[in-house]
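Using only what follows, build the 3D model:
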Amino acid sequence: MAKAIHTMIRVLDEARSVDFYSKAFGLDVAQRLDFETFTLIYLSNADAPFEVELTVNKGRMEPYALGDGYGHLAVSVADLDSEHDRLGALGLNPKKIVEFNRDGALIARFFFIEDPDGYKIEVLQRGGRFQ
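Next up is the predicted model:
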């Protein structure tokens, strides 16, 4: 059976992105691999084995066009309201908290935040299928 291990996104500024993911989600550099034309930075934390891989293409000056096909990365947290407040206090501009209901039942509570390159990240209240 396949096991998801990481997702990769291309970023323009390594330091800015590493700082964002550290402050926002407690992800730290697990490994940094520097090559002639690009650098790979693997970010992780002790809560999950899944990693975010940042790819920095050297010499790139223009932001990446995310296009209309990119969806989002999702993370779950134990206390959505506190996390929303914390991210707001850091100046990271989380969007409003949304409650997603179906047939009168709460399916999910979440908000979105964007990283420095415009990638959307969904932050979900832990529970149900969102562990």
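
Tell me who's in contact with the residue nearest to the spatial centre of the chain.
By C-alpha atoms, centre = their mean, the mean C-alpha position of the chain lies nearest to Ile121, the distance being 4.7 Å. By C-beta atoms under 8 Å, 6 or more residues apart in numbering, Ile121 lies in contact with 24-25, 72-75, 112-115. Backbone N, C-alpha and C define where each C-beta goes, glycine included.

could these be laid out in TSV, adding secondary structure and distance to Ser17?
Shown next, in TSV, are the contacts of Ile121 (DSSP: H, G, I helix; E, B strand; the rest coil; distance: C-beta to C-beta, whole Å):
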residue	secondary structure	distance to Ser17
Ala24	helix	11
Phe25	helix	12
His72	coil	16
Leu73	strand	13
Ala74	strand	18
Val75	strand	16
Phe112	strand	17
Ile113	strand	13
Glu114	strand	12
Asp115	coil	7
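
What pLDDT is listed against the residue nearest to the centre of the chain?
On the pLDDT scale, Ile121 is placed at 95.

which one of the contacts of Ile121 sits closest to Leu12?
Comparing the contacts of Ile121 against Leu12 with C-beta to C-beta places Asp115 closest, at 10.7 Å.

ok, the closest one to Ser22 distance?
Per C-beta to C-beta, to the nearest Å, Asp115 is found 12 Å from Ser22.
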